[in-house]
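In: take this sequence and fold it.
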Amino acid sequence: LARVFRHSSCKMVRRVEVTVPSQRVGEVLRSLSSLEKQGCTILRGEGHSAIIFRLKDKHVRLAVSQLSKIGVGIQWGIIDVLAMQMTKPRLGIRRMSMSGTIDKKVTPKRKYRVTDRQTIEEIYEVVDSGVHLTFDYMAFCVVAGIISAVGLLTDSSVTVVASMLVSPLMGPILGISFGYAINDRTMMWKCVRNEIIGVLLALATGVVTAAFSLLGNKEQELTFEMGSRGQPLALLAGAIVAIPSGVGVALSVANTNINSLVGVAISAALLPPIVNAGLLVVFAMHRDSEDSLEDEPIFYRAAAISMGLFLMNWILIFAFSLITFALKKLNKLEMGPTDAVWDGRPFDTKKQSQDLTLATQADQKKILESAAILVGDFDPTLKAEG
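Out: Sure, this is the predicted structure:
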């Protein structure tokens, strides 16, 4: 969850910077002509030029898609998308048209669609930041496991909830569903591996904590927090919560809604059932060694149900986050072909100059007008030419 906070600067306005070979500027502008962009500026260099403009965040995906179709960011050129803290003037206000008159058209009411989301590249970066097997990931699993074990043993619901916020287990599960949605098998299986390692660490933490607990209290009884996760009714309640949690986590990452993501992390109880299973198994084994068979089956059964609760949550969160990604129309084709080779070599400036002379002044003016570039916002040399 902490990793995702670093990506929480998502605003309603984005600044898009497209760096391309100078001879391809016209081609890029034509591909962007249908977008409602503002403040479009062209900065020319020796071999490459930068096209800079502002867009509403829900239109960025279309811009990236249009650029990808002609090869920008896949075979040539670079696309950078920056979140704006603020911008003045705001997008959508009245502005001067190309003819010099003031556009009095009232800003249309915002239209929201089911498929509104960030670009698939932005979502990929958010998801990818929380799926790696690092020291921090494993340390968080152990730390969250200890907090959860203490809460379960002391019957403290507040402590158990705190462990859910520290737990990093949601990251790999989200990575599995996202990897499956975009057909990225490498990410998917990497996340499966990391999730299993995290589960084993949480389970081992519960076992070790239970062993230390028995040193001070050899007759550990089931607390309410432990018992409530070991009852068959917990499976039904868990399923009811896991289904909307799967939808919520996918919606949160698709739009970087951090407030929702925090709520989902609390509602989707992934780590406490694992730790609870480890605690209950050790307590059952202790009673077995003490020849106390009265409560032993209860502890084993509760441990099995508790572990089953986690597995059920995992499956349901995966399934319903996958359905949500499908509704958002996530697919790998949006990222472009995987076998494409990006060419970042500088272009021959002599050939570039010859190519530029082929374009007439009328053609350049037509390109600029079709792209809806504001007068005075682009390079003065282009203004003189156009």
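
In: quick one: the strands in the stretch 101-250 of the chain?
Out: With strands called from DSSP state E, counting those that start in this stretch, the stretch 101-250 of the chain shows none.

In: hey, where'd the helices end up in it?
Out: 120-128, 135-154, 157-166, 170-181, 185-216, 224-228, 232-255 (DSSP state H, counting those that start in this stretch).

In: any idea which of those helices gets closest to L311?
Out: L311 lies closest to helix 185-216 among those, at 9.3 Å (C-beta to C-beta). C-beta here means a position set from N, CA and C on the backbone, and glycine is covered the same way.

In: buried ones in that closest one?
Out: Judged by neighbour count using 16 or more other C-beta atoms under 10 Å, the buried positions of helix 185-216 are 187-188, 190-191, 194-195, 198-199, 201-210, 213.

In: now do that helix, average pLDDT.
Out: Mean pLDDT, helix 185-216: 92.

In: return the most buried member of the helices of the stretch 101-250 of the chain.
Out: Burial of those is given as mean neighbour count (mean count of other C-beta atoms under 10 Å); helix 170-181 ranks first at a mean of 25.

In: orientation of that helix relative to helix 135-154 in degrees?
Out: Put simply, helix 170-181 runs at 120 degrees to helix 135-154, going by axes from the mean of the first three to the mean of the last three C-alpha atoms, to 10 degrees.

In: helices and strands around helix 170-181, which ones?
Out: Packing partners of helix 170-181 (3 or more C-beta pairs under 8 Å, 6 or more residues apart in numbering; DSSP states H and E): helix 120-128, helix 185-216, helix 232-255, helix 296-327.

In: average pLDDT for stretch 287-304?
Out: 72.

In: repeat for stretch 155-165
Out: 90.

In: what's the offset of that stretch from the middle of its chain?
Out: Put simply, stretch 155-165 sits 25 Å off its chain's centre (C-alpha atoms, centre = their mean, to the nearest Å).

In: same question for stretch 211-218.
Out: How far stretch 211-218 lies from its chain's middle: 42 Å, per C-alpha atoms, centre = their mean.

In: out of the helices and strands packed on helix 170-181, which gets nearest to N276?
Out: The closest of those to N276 is helix 296-327. By C-beta to C-beta, the value is 4.5 Å.

In: among the helices and strands packed on helix 170-181, which is nearest V64?
Out: Closest approach to V64 among the helices and strands packed on helix 170-181 (C-beta to C-beta): helix 120-128, 6.9 Å.

In: and the angle for the closest one with helix 185-216?
Out: Put simply, helix 120-128 runs at 20 degrees to helix 185-216, going by the same axes, to 10 degrees.

In: could you say what helices and strands helix 120-128 packs with?
Out: helix 170-181, helix 232-255.

In: next up, the contacts around the closest residue to G238 other than its chain neighbours.
Out: Once flanking residues are discounted, G238 sits nearest to L309: 4.9 Å by C-beta to C-beta, 6 or more residues apart in numbering. Applying C-beta atoms under 8 Å, 6 or more residues apart in numbering to L309 gives the contacts 229, 234-235, 238, 269, 273.

In: swap in R301?
Out: R301 touches G230, counting by C-beta under 8 Å, 6+ apart.

In: go again using 10 Å as the cut-off
Out: The neighbours of R301, taking C-beta atoms under 10 Å, 6 or more residues apart in numbering as the test, are 230-232, 280, 284.

In: from those residues, which two are the most distant?
Out: The most widely separated members of the contacts of R301 are P232 and A284, with 17.7 Å between them, by C-beta to C-beta.

In: pLDDT below threshold where in the chain?
Out: 1-11, 91-112, 218, 256-262, 288-296, 332-386 (pLDDT under 70).

In: mind checking how far the helix or strand hosting I79 is from the chain centre?
Out: In this structure, I79 sits in strand 78-83 according to DSSP states H and E. When C-alpha coordinates are averaged (C-alpha atoms, centre = their mean), strand 78-83 and its chain have centres 16 Å apart.

In: other SSEs contacting it?
Out: strand 13-21, strand 48-56, helix 57-69, helix 120-128 (3 or more C-beta pairs under 10 Å, 6 or more residues apart in numbering; DSSP states H and E).

In: tell me who's in contact with S321.
Out: Contact partners of S321, counting by C-beta under 10 Å, 6+ apart, are 170, 173-174, 176-178, 180-181, 245-254, 264.

In: reformat the helices and strands packed on helix 120-128 as CSV; add distance to R30.
Out: Below are those laid out as CSV (distance: least, C-beta to C-beta, whole Å):
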stretch, distance to R30
helix 170-181, 32
helix 232-255, 30
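
In: which of those sits closest to L29?
Out: Between the helices and strands packed on helix 120-128, helix 232-255 lies closest to L29; by C-beta to C-beta that is 28.9 Å.

In: re the thing from before, got JSON lines for the helices of the stretch 101-250 of the chain, with distance to H48 too?
Out: Shown next, in JSON lines, are the helices of the stretch 101-250 of the chain (distance: least, C-beta to C-beta, whole Å):
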{"stretch": "helix 120-128", "distance to H48": "21"}
{"stretch": "helix 135-154", "distance to H48": "38"}
{"stretch": "helix 157-166", "distance to H48": "45"}
{"stretch": "helix 170-181", "distance to H48": "33"}
{"stretch": "helix 185-216", "distance to H48": "32"}
{"stretch": "helix 224-228", "distance to H48": "61"}
{"stretch": "helix 232-255", "distance to H48": "32"}
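
In: nearest to L62, of those helices?
Out: Taking the helices of the stretch 101-250 of the chain one by one with C-beta to C-beta, helix 120-128 is closest: 12.1 Å.

In: just the CA trace of that closest one, in PDB.
Out: What follows is helix 120-128, C-alpha atoms only, in PDB (Å, rounded to 0.1, in the frame of the first residue of the first chain):
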ATOM      1  CA  ILE A 120      -2.400   0.800 -19.400                       C
ATOM      2  CA  GLU A 121       1.200   1.900 -19.000                       C
ATOM      3  CA  GLU A 122       0.400   4.000 -15.900                       C
ATOM      4  CA  ILE A 123      -1.600   1.100 -14.400                       C
ATOM      5  CA  TYR A 124       1.300  -1.300 -15.200                       C
ATOM      6  CA  GLU A 125       3.700   0.900 -13.300                       C
ATOM      7  CA  VAL A 126       1.400   1.100 -10.200                       C
ATOM      8  CA  VAL A 127       0.800  -2.600 -10.100                       C
ATOM      9  CA  ASP A 128       4.500  -3.500 -10.900                       C
END
